[in-house]
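In: Turn this into a structure:
(chains A and B)
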Amino acid sequence: MIKCLRDIWVVARYELLDSIKSRRFLIVLLIYIGGSMLACNACISVLHKLENQIAETLQLDPASSPGAVTEAVMKSASFRRMVIGLVKDKEVAMELLDKPPLALIYAGLVFAFMPLLIMLSTPGRIAQEISCGSAKFALIRTSRGAWCMGKFLGQALEIILPLTLSAVGAWTLTRIRVPDMAGTAEIAAMLTYGWKVWIYCLAYIGLGLGVSQLCRSANQAIAVGLIVWTMLTIAYHSAKYFAADGWLRVLDVIPLLMPAEHRGDLWRDDFSMVLPAVVYLLTIAMIYFSTGHLFFRKKSL
Amino acid sequence: MTESKTALELRGVVKKFGRRAALDGFTMEVARGTTFGLVGSNGAGKTTSMAVAVGLLPLNSGSVNILGDGPFDPVLHSGRVSMMPQDADLPLYAKVRDILSFYARLQGVPANQIKEEVKKVIEWVHLTDRAGSSVRSLSHGMRRRIVVAQAFLGDPELVLLDEPMSGLDPKEVVNIRNLLVRRAPGQTVVISSHNLHELELVCDHVAFIEHGKRVRQDSMDEITGRTQMMNFELSSTEGLSLAELRKQLPDVALELPEDSNVLTCGYSKSEYCAAEMNRIVLQHLLDEKVEILEVRRGKNLETAYIHHSQTQ
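Out: Numbering: from 1, shown residues only, chains lettered A, B, ... in the order given. The predicted structure is shown next:
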């Protein structure tokens, strides 16, 4: 057991260091930081337009800079619609209206795009090593389970830095453009959402690596990963749509196995709501990962 | 607990790919401390038998026993067994030193010895100047050398090498041969190769495999007959009489085919040794004023293998 845990850590550490030193990681990092900064910039511009509209309606002086009538903006119907759009749950959105808008924008953005980025990068990690045969060098030195688990941990650790830096990047940009909207409370809220998004992403890493264990090339794994993700999304929405009383209640179980079902709870502050979501997401991650591993553990290499 | 005398044992192993049996009841025993050659034609099952031995391929039936501990267990055998797969490449973007350190760490080489161990194996394959390079910047031959080097990290008890000489330049072939000869004491090395000359130089035991079955396994001495046969290649056999020699060596089978200039002396190793045979036969040939071009012990492995294949 100790050897197994040690091997998981050795593989994870190598995976992490190998990634950090690669050009791929640099590109991903730039995408995360650039994407969050650009999106925040666009949102600040939208907020500025909203402020101008509200100032015009209230017959105040047009705001000279964004953030001048922030409170009024946050109470506006347009802003509420925007938050509902980000959270995708009206009830949760209403609870969040007193949250810093910058944190909400950042969280909405990373909740939406992180799964895509993960599904584009993670499925190749194991499949690539199977296809070139380099997996064999590791698998005569450690068990398949420890190696795959190490890959999972490495991938999980790898996204912490982009998540954190993208939050810092978005906050810095906002600090420059709208100093009133980017204080310590905002960066604290953004980082809090950052770790919640990280938990959310673990389910997708589990899915990506689960698929990766079934495939024989990186490209095939990425394609299969995107197909599986699409199918799960269709299954999720179908189950929600068709769930009804009677035997159709069984369809209520399907959404519980989808990460999207637990995203709403991660938006909340109430720890009693967040904790079950965290447990669910970790379980889902392991279910996806283990499903792939059931095949991989007996796979011919 | 007593240490098993067998480093690797495959017994009745069947491995099928679809309907085709790559290994069909394959049996092989490799004694500890030996250098064992696995010889066979393409598709005979050499690579499959190695992959089955270390669990890279699940077997359909039969048994594998590694170092007397039962089937390969990556936890139990980590650091004690290593392999150089034939068709595997190292991760292209990894640095040579980093990837070898990773493998060393994974197989349990103590942290304070990893640097030294990696340095040692990189030196063995003459790539010290490329230790900081990425794998993809190395030539094919250099990559093969690194792949060979990784198999010797931490001096494992059992090393399986699948075509280790393939793709290497002549100097590196000699280098790898020397590496195999001066390997760690007690280390068992199993080599699969088509390069029978190299196998003959480094192996002390050999098995022939055909159609997934072992067709012969014996010591190199027995297979090549080098402890019981001497060959003398002569420039001409004109005027050479063997009658006198037969008197001196009554229990030795002397053969000089009409269409050949090679005198073959078959003897019992319990009665003669090679040096003694040389002393008697060479003296006779020199007395008879026959020019001697070459003296060779036994058949070479290639001849033995081809002969065995044709008689099957």
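
In: Tell me the helices and strands packed up against the helix or strand hosting residue A:151.
Out: Element membership for residue A:151, per DSSP states H and E: helix A:144-158. If you count contacts as 3 or more Cβ pairs under 8 Å, 6 or more residues apart in numbering or on different chains; DSSP states H and E, helix A:144-158 packs onto helix A:2-20, helix A:124-132, helix A:135-139, helix A:184-212, helix A:271-296. Backbone N, C-alpha and C define where each C-beta goes, glycine included.

In: mind running it again at 7 Å?
Out: Packing partners of helix A:144-158 (3 or more Cβ pairs under 7 Å, 6 or more residues apart in numbering or on different chains; DSSP states H and E): helix A:2-20, helix A:124-132, helix A:184-212, helix A:271-296.

In: How about the residues of the stretch 101-250 of chain A by chain B?
Out: Contact residues (Cβ under 7 Å from any Cβ of the partner chain) of the stretch 101-250 of chain A with chain B: A:129, A:132, A:133, A:134, A:136, A:137, A:138, A:139, A:140, A:141, A:142, A:143.

In: Check whether the fifth one really touches residue B:86, as I assumed.
Out: To tie it back to what came earlier, the one meant is residue A:136. No - using Cβ atoms under 7 Å, residue A:136 is not in contact with residue B:86; the gap is 10.1 Å.

In: Mind checking what secondary structure the residue of the stretch 51-200 of chain B found nearest chain A has?
Out: Distances between the stretch 51-200 of chain B and chain A by Cβ to the nearest Cβ are smallest at residue B:88, namely 2.9 Å. Here residue B:88 is recorded as coil under DSSP: H, G, I helix; E, B strand; the rest coil.

In: And it, its phi and psi?
Out: phi -110, psi 140 (degrees, to the nearest 10).

In: and if you look at residue B:164?
Out: Taking degrees, to the nearest 10 as the convention, residue B:164 sits at phi -70, psi -20.

In: Enumerate every residue touching it.
Out: Residue B:164 is in contact with B:84, B:148, B:176, B:191, B:193, counting by Cβ atoms under 7 Å, 6 or more residues apart in numbering or on different chains.

In: Among these, which one has the most neighbours?
Out: residue B:191 (27 neighbours; other Cβ atoms under 10 Å in any protein chain shown).

In: part of a helix, is that residue?
Out: No - applying three-state DSSP, one finds residue B:191 to be strand, outside a helix.

In: Stretch B:141-160: which residues count as buried?
Out: Neighbour counts using 16 or more other Cβ atoms under 10 Å in any protein chain shown place B:142-160 of stretch B:141-160 among the buried residues.

In: Go through the residues you listed and flag which are in strands.
Out: Among the buried residues of stretch B:141-160, the ones falling in strands (DSSP state E) are B:158, B:159, B:160.

In: residues from the stretch 151-300 of chain B in reach of chain A?
Out: Going by Cβ under 7 Å from any Cβ, none of the residues of the stretch 151-300 of chain B are near chain A.

In: hey, where'd the helices end up in the stretch 151-300 of chain B?
Out: Secondary structure of the stretch 151-300 of chain B by DSSP state H, counting those that start in this stretch: the helices cover B:170-181, B:196-202, B:220-224, B:243-248, B:274-287.

In: could those be laid out in a markdown table, adding distance to residue A:221 and mean pLDDT?
Out: Shown next, in a markdown table, are the helices of the stretch 151-300 of chain B (distance: least, Cβ to Cβ, whole Å; pLDDT from 0 to 100):
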| stretch | distance to residue A:221 | mean pLDDT |
| --- | --- | --- |
| helix B:170-181 | 35 | 84 |
| helix B:196-202 | 39 | 87 |
| helix B:220-224 | 46 | 88 |
| helix B:243-248 | 72 | 84 |
| helix B:274-287 | 59 | 88 |
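
In: what about residue 257, neighbour count?
Out: By default, I'm working from chain A. 17.

In: meant chain B, my bad for not saying
Out: Residues near residue B:257, counting by other Cβ under 10 Å: 10.

In: Ok, the one 10 residues further on next?
Out: By the criterion of other Cβ under 10 Å, residue B:267 has 20 neighbours.

In: Quick check: closest non-adjacent residue to the closest residue to chain B within the stretch 51-200 of chain A.
Out: Chain B sits closest to residue A:133 of the stretch 51-200 of chain A, with a gap of 2.9 Å, by Cβ to the nearest Cβ. For residue A:133, ignoring the flanking residues on the chain, the nearest one in space by Cβ to Cβ, 6 or more residues apart in numbering or on different chains is residue B:88 at 2.9 Å.

In: pretty sure residue A:193 is touching residue A:106, no?
Out: Yes - using Cβ under 7 Å, residue A:193 is in contact with residue A:106, at 6.4 Å.

In: Neighbours of the closest residue to residue B:231 other than its chain neighbours, how many?
Out: Closest residue in space to residue B:231, ignoring its immediate chain neighbours: residue B:296 at 4.4 Å, by Cβ to Cβ, 6+ apart. Other residues near residue B:296 come to 15 when the count uses other Cβ under 10 Å.

In: Residue B:236 now?
Out: 10.
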